[in-house]
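K.L.:
Sequence below, structure please.
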Amino acid sequence: MKRSNAITKTAIVLAVVAVTAMSIAAQDNNKKKNDNSSKPAPQHSAPAQQHSAPPAATQQSQPAQHQHSAPPAATQQPQSHTPPTTPAVREHTGGGPQQPQMQHGVGTPGPRNDRPNAYQPGTAAPNHPGGPAHEPGRTFGSSAAAPRITRAPDGGSVHRNDAGRITAVHTSSGATIYHSPSGVRRVEMARPGGAVVVASAPGHGYVQRPMVVNNTTIVKRTYVVGGVSQVRVYRPVVYSGVTLHVYTPVRYYHPAFYAYAYTPWRQPVVYNWGWMGRPWYAYYGGYFAPYPVYASPTLWLTDFLIATTLEAAYLERMAANAPPPPQPGPGSAYAPAGQVALTPEVKQAIADEVHRQIELERAESQQAGNPAAYQTSPIFTDNARHVFLVSSSLEVNSNAGACVLAEGDVIQLAGPPPPNSPTADTVVLASHRQDCRKGSIAAVQLQDLQEMQNQMRATIDKGMGDLQTRQGQGGMPALPAGAAGTVDTPLAAQVQPDPGAGAELTQASQEAGRAEEQVLNQTQNGDGASGPVNISMGQSIGEVTAILGTPEKTIDLGAKKIYVYKDIKITFVDGRVSDVQ
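P.N.:
Down below sits the predicted model:
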């Protein structure tokens, strides 16, 4: 009898367990059905986060996702402010001053991509699948693999990457011709008086000249795009042993306008852009789509920034006769059917950065009447995890190997750059070509990152001007009293575009073209050309000098040393190659 009772009790327990399991499974199925039925239709929606009024200019905090930290204090000092005698050049003209003509039009925004972001702003950098774990403060060497160099008898040289693609040609006349992964050719040529000419596609480029205005050293660039000239001003700053040019506006907006730019609109604004039917937008259609409505001016400026960057890069390719590669078809890993790759989460990260840049400019505007009263700092001094929109394609090293950051890719600082390092680790938040995969860690030159931020600031400035022009039109709220117009700095009247910049660009392009052809012919025909010279990351100083000989110039920064040769610059950290340019 006892055994029978035990069997009966056991059977009852098993039955209860079975019923419970069936109940849980049913609840799970119902939950999934409810979740699917309540999930919104796949489309871009304006983020719920609102932009509040800016904090005090002296505040600083580590930005968390969808939150806005204050800009770096205007009085912050970088490691050194010694201006260089000849400013270095690292500008990518693919993201030049050319702006899309934002006109009213009709278009349908692309659907929303709800895939989770691989890296959330403000969090620790992830480990990339298949690659080594990321260690804090560790970089992956140069922002491009060490080149293989073939020298010509006249003193020129040809640089190739590991795949054999020509990345740069140095001529005996002192010109350097860079071949970007996108096919855009960029010429850099030094001129008397410290001037530098940078030419890309025909009629595109800029002429850079150092100037001293009111006892302040600045760098003036006259950009020329399609015959139209525009001037920009930069401050030369030395940071971590690297010369950086920091964008400096020559005019600012009124305080009331900056407040307008921060404040959410009372009603969401439906705005139709004028570029829906243009070729560049069709090309990037699987990657970017504007918001259907705008809750604040900052979100409007975010789409303006992205659209301007993508259109400028596309037009640069077309002008250089370098058509873009074919896009992956629908349903691919790049852009699954009905989705875009630039997710709302990543766009919000860009919007947060736009907000930070506006705050930074507002803080600078308070001292605009006396440009010498404050010191411009590079973006790396505030320890914030800044977000960058890549304006021109760039070869970099990552924890998954060498890869290409394409125009429109979105990257974020993984942390402060290590001391005396020419590169910083960045996390890929979104990738247009999927070459540098989303979530990977890529080492990017500090100069390239600074130029990306420069380009973003210049574009945001242009966007704020357009925002003023269109206020009260197309559903855009009117500006408050006293918000219209700009305030010129003392630099505005003293810095004007060079009238002969267009002719200088044309002449430099022609000279460099002839010199490059001569170098290529010599190295291809073997007319006394040397065999390839291979410089690898991690090589010792002795190994490098055994290959290249004694450098023309040596810069000793303690643990960091820079050897400058005629056609190559090599950085050593602790006696080993850490960067090659």
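K.L.:
residues contacting the residue lying closest to Lys569 once chain neighbours are set aside?
P.N.:
The shortest distance from Lys569 to any non-neighbouring residue, by Cβ to Cβ, 6 or more residues apart in numbering, is to Gln581 (4.6 Å). Where C-beta positions appear, they are placed from N, C-alpha and C, glycine not excepted. By Cβ atoms under 8 Å, 6 or more residues apart in numbering, the residues touching Gln581 are 142, 445, 568-571.
K.L.:
What of Ser229?
P.N.:
222-223, 497-498, 501-502.
K.L.:
repeat for Val212
P.N.:
Ile218.
K.L.:
Ok, Val269 next?
P.N.:
By Cβ under 8 Å, 6+ apart, the contact set of Val269 is 293-295, 300, 475-477.
K.L.:
again, only this time at 7 Å
P.N.:
Residues counted as contacts of Val269 (Cβ atoms under 7 Å, 6 or more residues apart in numbering) are 293-294, 475-476.
K.L.:
just those residues now: which is nearest Gln524?
P.N.:
Tyr294 (54.3 Å; Cβ to Cβ).
K.L.:
sorry, back to before: rebuild the contacts of Val269 as TSV, extending it with distance to Leu310.
P.N.:
Converted to TSV, these look like this (distance: Cβ to Cβ, whole Å):
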residue	distance to Leu310
Val293	21
Tyr294	18
Gly475	24
Met476	22
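K.L.:
so can I have CSV of the residues you listed showing secondary structure?
P.N.:
Shown next, in CSV, are the contacts of Val269 (DSSP: H, G, I helix; E, B strand; the rest coil):
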residue, secondary structure
Val293, coil
Tyr294, strand
Gly475, coil
Met476, coil
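K.L.:
Could you identify the least confident member of these?
P.N.:
Least confident entry in those, by pLDDT: Gly475, with 84.
K.L.:
Who is the residue lying closest to it once chain neighbours are set aside paired with across the strands?
P.N.:
Nearest non-adjacent residue to Gly475, counting by Cβ to Cβ, 6+ apart: Val269, 5.0 Å away. With DSSP bridges as the criterion, Val269 is bridged to Tyr294.
K.L.:
any idea how far Pro477 is from Val269?
P.N.:
Val269 sits 7 Å away from Pro477, going by Cβ to Cβ, to the nearest Å.
K.L.:
Kindly report the same for Val237.
P.N.:
38 Å.
K.L.:
More neighbours: those two, which one.
P.N.:
Val237 (24 against 14; other Cβ atoms under 10 Å).
K.L.:
Which of the helices or strands spans the more buried one?
P.N.:
strand 228-239 (DSSP states H and E).
K.L.:
which stretches of the stretch 251-400 of the chain have low pLDDT?
P.N.:
323-340, 369-375 (pLDDT under 70).
K.L.:
Next, the distance between the ends of stretch 493-508.
P.N.:
Its first and final residues considered, stretch 493-508 spans 28 Å by Cα to Cα, to the nearest Å.
K.L.:
and if you look at stretch 287-302?
P.N.:
15 Å.
K.L.:
all helices of this structure, in order?
P.N.:
Assigned by DSSP state H, the helices in the chain fall at 2-38, 255-262, 279-283, 297-319, 344-365, 446-470, 490-494, 501-525, 541-548.
K.L.:
Now for Lys569, how many residues are close by?
P.N.:
Applying other Cβ under 10 Å, I find that Lys569 has 16 neighbouring residues.
K.L.:
was I right about it contacting Lys561?
P.N.:
No - the pair Lys569 / Lys561 is not scored as a contact, 11.3 Å apart, by Cβ atoms under 7 Å.
K.L.:
which one of the contacts of Gln581 sits closest to Val577?
P.N.:
Val577 lies nearest to Ile570 out of the contacts of Gln581, by Cβ to Cβ, at 6.0 Å.
K.L.:
Compute the inter-axis angle for the strand holding Val237 and helix 501-525.
P.N.:
Orientation note: strand 228-239 sits at an angle of 70 degrees relative to helix 501-525 (axes from the mean of the first three to the mean of the last three Cα atoms, to 10 degrees).
K.L.:
where in the chain is pLDDT low?
P.N.:
1-147, 323-340, 369-375, 525-533, 567.
K.L.:
For Ile570, give its distance to Gln445.
P.N.:
Separation of Ile570 from Gln445 (Cβ to Cβ): 14 Å.
K.L.:
Please identify which of those two sits among more neighbours.
P.N.:
Remark: of Ile570 and Gln445, Ile570 carries more neighbours, 23 against 20, as counted by other Cβ under 10 Å.
K.L.:
contacting residues around the more buried one?
P.N.:
Counted by Cβ under 7 Å, 6+ apart, Ile570 has contacts 535, 544, 563, 577, 580.
K.L.:
ditto for Glu361
P.N.:
249, 252.
K.L.:
how does it look with 10 Å?
P.N.:
Glu361 sits next to 71, 247, 249, 252-253, 258, 261, 368, 457, 460-461, 464 when contact means Cβ atoms under 10 Å, 6 or more residues apart in numbering.
K.L.:
Repeat that for Met452.
P.N.:
92, 95, 309, 379, 386-392, 394, 405, 411, 426, 444.
K.L.:
Much appreciated, bye for now.
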